[in-house]
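> Sequence plus predicted model, see below.
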Amino acid sequence: MAWIDNVRSFLKVPVDKLLAITAYGEARGEGTEGMMAVLNVIRNRAREVGTYGDQSIYSETGSAYHAIILAKKQFSMYNLDDPQRTTAANIAKNWDHYYSNYPILQTAYDLSRKLVAGMLPDNSGGATHYHAITSFPPWRKDMIVLGQIKNHIFYIAKGEIPPSALPEQPTVTAYIPEPVVPIQTASIVPTSIEEIIYEVEEIFEQQPIMILLAAAGTMLLLLEFTRRKVFA
């Protein structure tokens, strides 16, 4: 079975609602700022739909957003074994009920409509990738850390120009780009914290018996780093 057949039930969901469902599923616990960042990653990827999107979905829907969101193993909530997929399907089928009863979904929808209208600032700094702070995907080692917003760390590929800095090249009528707004430093954890985490992982791989000591050391480093930033 082709992957498009696994997501066919989502293909006719309107763009703004699909964006809202995705922001809700990926970052509803992250508040407005976190959902906004996820939406901007989708927008930045839509600028490079040929690289990040599913071309079968793009051909059938004509929507870069659908091609990006529903591409295989890109947004985990649409994976066949992810419990969030059922939630997403239920919201899509019963939109009015969920929208009326879930204020967070209302916020996600408001942000999505602003994104489609070109009125949502890019608080991700042009990111095209992100992951939760609790996961350590191997692809991150080939990326440049842009910062952390809530519980997600945001990246761009090394040598890649941030999509938000490229000339405007709309691919579908639903996609209207806007100028990038720099990440607010108050919401960002500097790159060096990611570097600390990376070093700890290397220790885990090479010296398993040092795991507890490394974890304790990392906590001390993070506390000291935070103290210096606060009192600098």
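Yep, it's here. Numbering: from 1, shown residues only.
> residue ranges with poor pLDDT in this structure?
Low-confidence segments of the chain, defined by pLDDT under 70: 161-232.
> show me where the protein has strands.
Taking DSSP state E as the test, the strands found in the chain are 129-132, 143-149, 152-157.
> Redo these as JSON lines? Include distance to Ser63.
C-betas here are computed from N, CA, C, even on glycine. Formatted as JSON lines, the strands of the chain follow (distance: least, Cβ to Cβ, whole Å):
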{"stretch": "strand 129-132", "distance to Ser63": "21"}
{"stretch": "strand 143-149", "distance to Ser63": "26"}
{"stretch": "strand 152-157", "distance to Ser63": "23"}
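> export those to JSON lines and tack on mean neighbour count?
Written out in JSON lines, the entries for these read as follows (neighbours: other Cβ atoms under 10 Å):
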{"stretch": "strand 129-132", "mean neighbour count": "19"}
{"stretch": "strand 143-149", "mean neighbour count": "21"}
{"stretch": "strand 152-157", "mean neighbour count": "22"}
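> domain assignment for the protein?
Here the domain parsing of the chain from automatic domain parsing is 3-182, 191-231.
> from those domains, which stretch is densest packed?
With neighbours defined by mean count of other Cβ atoms under 10 Å, none of the domains of the chain is more surrounded on average than domain 3-182, at a mean of 18.
> I'd say His129 and Tyr155 touch.
Yes - with the criterion set as Cβ atoms under 8 Å, His129 and Tyr155 qualify as a contacting pair; they are 4.3 Å apart.
> shared neighbours of the two, which are they?
Any residue near both His129 and Tyr155 by Cβ atoms under 8 Å, 6 or more residues apart in numbering counts here, and that gives Arg140, Met143.
> what ranges do the helices span in the chain?
Under the criterion DSSP state H, the chain contains helices at 3-6, 15-27, 31-46, 49-52, 55-61, 64-69, 83-93, 95-101, 103-116, 191-206, 211-231.
> The first one packs against which elements?
What that stands for is helix 3-6. Helix 3-6 makes packing contacts with helix 55-61 when contacts are defined by 3 or more Cβ pairs under 8 Å, 6 or more residues apart in numbering; DSSP states H and E.
> Repeat that for the fourth one.
Contact analysis of helix 49-52 by 3+ Cβ pairs under 8 Å, 6+ apart lists helix 64-69 as its packing neighbours.
> which other helices and strands contact the helix it packs on?
Contacting helix 64-69 under the criterion 3+ Cβ pairs under 8 Å, 6+ apart are the following elements: helix 15-27, helix 31-46, helix 49-52, helix 55-61.
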